[in-house]
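Student: got a structure for you, letters missing:
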């Protein structure tokens, strides 16, 4: 058994003495996370990088409005012309800050922590804030909407590549791209990918590719780097050019953890420039498999087609044999022989029967014609008698006559004439012209005698 066994407190006290003695004042850079503000006003947060995390506490003293503004930089000693916002206003999750303070051990939890005395943004924090503000603005405008994103062409054949001609990204992209797909033509639009001149040239390259209209897809890539190095791809002008592009845009900027506004606006995002080749072109083995599948499908389709054509050909051969002139003549001869035989059997009976029916119909027709003529003769006699009876001249044969004036008006009364007037008398066989010498009235008539 060891001579000296430490209690938990003793161990903690020794650790505190060692840490606080060796790290009585340190500067630490890291990304802020787990930020909370207590009701007492103290601020608790963590600083992290890719590999580790440290707990921090900032005991704020009560201070007025002037305490929230800075007139000098505590890190460099630079005196500002006008007050600047305090880092307290910039402290939020996701920003990178510089914190100065002492290392302390919090015994209740058995963990070490940084007691912050000074807090300073390192420039990257301001970029992170600007990034968040722009991201929210562009999101509200629909730049990142999934509904507007277009699919990339499968096994693209015409690619507009926008990147630096001297960077490692283009080397990896071309090398890996040469091992995939079935072959493509790549048009390089060389542009700087960092620095103040990068963003305008990237925008011009995107617009040039669209105006040319040759490419099926625009690929925007660059290698990894710091937030400052990648900042041209966070410029609103670049995001707007990607958004306005009529051609689908694939962005592969930085490493997998790097996400820029251009990535978020693009139709598709690759984790790295190498990953962009995987999104653009399928593996050769996949194409070979597709080719084998297509060859097998084609072979099966050809066999089905040939089988169908063979069946159709046999049907056509049978049809041609059936419709050939010799077969047609043979069928006609057979039909003719059958018809002659049938006629020879039924023709005599049918002729006798037809002759009998013809004789019967002739007799019936003669009787009908005789009866019809007799009826017509009787009708003619009746009509003749009726016409004769209706003839106004028929009574003249019995001694009657018709008298009329010289103008041809029929005389119906003796009083319609005058003495000395000329009249005409029509008899059965002629006419008489006479002069009225006397008018002898019929006393039974009511007409007054004519004046003399």
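Tutor: Received the coordinates, thanks. The model shown is predicted, which means the values in this text are computed figures rather than measured ones. Residues are numbered from 1 along each chain as shown.
Student: could you use CA atoms for every contact and neighbour count after this?
Tutor: Will do.
Student: can you tell me how far the residue nearest to residue 273 when sequence neighbours are not counted sits from residue 230?
Tutor: In this structure, residue 273 finds its nearest non-sequential neighbour in residue 252, 4.9 Å apart by CA to CA, 6 or more residues apart in numbering. Distance, residue 252 to residue 230, using CA to CA, to the nearest Å: 12 Å.
Student: settle it for me: which of these two has more neighbours?
Tutor: residue 252 (30 against 22; other CA atoms under 10 Å).
Student: kindly state the domain boundaries assigned to this structure.
Tutor: Annotated domains of the chain cover 8-122, 155-282, 284-318, 395-452 [automatic domain parsing].
Student: just name the most buried of the ones you listed.
Tutor: Each of these was scored by mean neighbour count; the highest is domain 155-282, a mean of 20, by mean count of other CA atoms under 10 Å.
Student: quick one: that domain to chain centroid distance?
Tutor: 30 Å (CA atoms, centre = their mean, to the nearest Å).
Student: likewise for stretch 419-435?
Tutor: So, by CA atoms, centre = their mean, the centroid of stretch 419-435 is 111 Å from its chain's centroid.
Student: residue numbering should commence at 227 henceforth.
Tutor: Sure, I'll start counting at 227 from here, so that last one is stretch 645-661.
Student: tell me the mean pLDDT over it?
Tutor: In this model, stretch 645-661 has an average pLDDT of 85.
Student: likewise for stretch 258-270?
Tutor: On average, stretch 258-270 scores 87.
Student: distance between that stretch and the chain's centre?
Tutor: 54 Å.
Student: ok, so what distance separates residue 667 from residue 626?
Tutor: 19 Å.
Student: now do residue 395
Tutor: For residue 395 relative to residue 626 (CA to CA), the value is 146 Å.
Student: which strands or helices does whichever strand or helix holds residue 569 pack on?
Tutor: Element membership for residue 569, per DSSP states H and E: helix 551-616. In terms of contacts (3 or more CA pairs under 8 Å, 6 or more residues apart in numbering; DSSP states H and E), helix 551-616 is packed against no helix or strand at all.
Student: distance from the chain centre to that helix, please.
Tutor: The answer for helix 551-616 is 75 Å, by CA atoms, centre = their mean.
Student: I'd like the next helix or strand past it.
Tutor: Next element after helix 551-616 (DSSP H and E): strand 628-631.
Student: and the helix or strand just after that next one, which strands flank it?
Tutor: Heading C-terminal from strand 628-631, the first helix or strand you meet, by DSSP H and E, is strand 648-653. Strand 648-653 has the following sheet partners, assigned by DSSP bridges: strand 628-631 (antiparallel), strand 656-661 (antiparallel).
Student: so what touches stretch 425-437?
Tutor: 386, 388, 415, 417-419, 441, 444, 458-459, 461, 463-464, 467-468, 471-473 (CA atoms under 8 Å, 6 or more residues apart in numbering).
Student: rerun at 7 Å
Tutor: 386, 388, 415, 417, 458-459, 461, 463-464, 467, 471-473 (CA atoms under 7 Å, 6 or more residues apart in numbering).
Student: dump the residues you listed to CSV, plus distance to residue 615.
Tutor: Formatted as CSV, the contacts of stretch 425-437 follow (distance: CA to CA, whole Å):
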residue, distance to residue 615
386, 122
388, 127
415, 127
417, 132
458, 133
459, 130
461, 130
463, 125
464, 125
467, 121
471, 116
472, 112
473, 114
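Student: which residues of the stretch 527-676 of the chain score low on pLDDT?
Tutor: 669-676 (pLDDT under 70).
Student: which pLDDT value belongs to the residue nearest to residue 313 when sequence neighbours are not counted?
Tutor: Spatial nearest neighbour of residue 313, excluding adjacent residues (CA to CA, 6+ apart): residue 346 at 5.9 Å. Note on residue 346: pLDDT of 78.
Student: residue 346: helix or strand, and which one exactly?
Tutor: strand 337-347.
Student: quick one: distance of that strand to the chain centre.
Tutor: Its chain's C-alpha centre and that of strand 337-347 lie 60 Å apart, by CA atoms, centre = their mean.
Student: other SSEs contacting it?
Tutor: Judged by 3 or more CA pairs under 7 Å, 6 or more residues apart in numbering; DSSP states H and E, the packing partners of strand 337-347 are strand 279-284, helix 313-316, strand 322-332.
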